[in-house]
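predicted structure and sequence below. I'll ask about it afterward.
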Amino acid sequence: MSSACIKCGRPLRPEPADASASARARLYGPECQRQIDAAIRILNTTTTCPVSARAAARLLATGATQRSGSAPHVYSTRSENPATPNIVYLTTPTRCTCPAAEHRPSLPTCKHLLAVVVLEA
Ligand SMILES: [Zn+2]
Ligand SMILES: [Zn+2]
């Protein structure tokens, strides 16, 4: 599992031996978690493209979108389609390799882009 904050990349302190500590606490440092929580609230209430926005909020909440490690500003997200579990989409703040982004680049239909913009904020 990742031991660095997904958002800023700083190492996360080890969890206290407290089983009630949520899994979310291990994804982001405390300050980044506050920013992520705020972004998730906004995404969950947006009306511009609610389906993609809520999907992006879920990616952020579950840590599904991670730094790829191959280059700065590049993030990876495993496909959520059970038929293609080995596909990994690569996303920068302006581009994504997923079908939604490739077919409709001018529309905010790509949840990965929405999530990455939050992570890069
Ligand atoms: Zn952080
Ligand atoms: Zn995408």
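Cool, got the structure. Ligands and ions are numbered 1, 2, ... in the order given.

backbone phi and psi for Arg78, please?
Dihedral angles of Arg78 (phi, psi; degrees, to the nearest 10) stand at phi -70, psi 140.

do the one 10 residues further on as well
Recorded main-chain torsions at Val88 are phi -120, psi 130, according to degrees, to the nearest 10.

over to Thr47?
phi -110, psi 0.

tell me how many other residues crowd it.
6 (other Cβ atoms under 10 Å). C-beta: built from backbone N, CA, C; applies to glycine.

same check, this time on Ala57
By other Cβ under 10 Å, the residues close to Ala57 number 23.

now it. Nearest residue, chain neighbours left out?
Leu43 (4.0 Å; Cβ to Cβ, 6 or more residues apart in numbering).

swap in Lys111?
Ala55 (3.7 Å).

and that neighbour, how close does it get to Arg41?
15 Å (Cβ to Cβ, to the nearest Å).

which neighbouring elements make contact with the helix ranked longest in the chain?
Looking across the chain with DSSP state H, the single longest helix is helix 30-45. Helix 30-45 is packed against helix 50-62, helix 111-120, with contacts defined by 3 or more Cβ pairs under 8 Å, 6 or more residues apart in numbering; DSSP states H and E.
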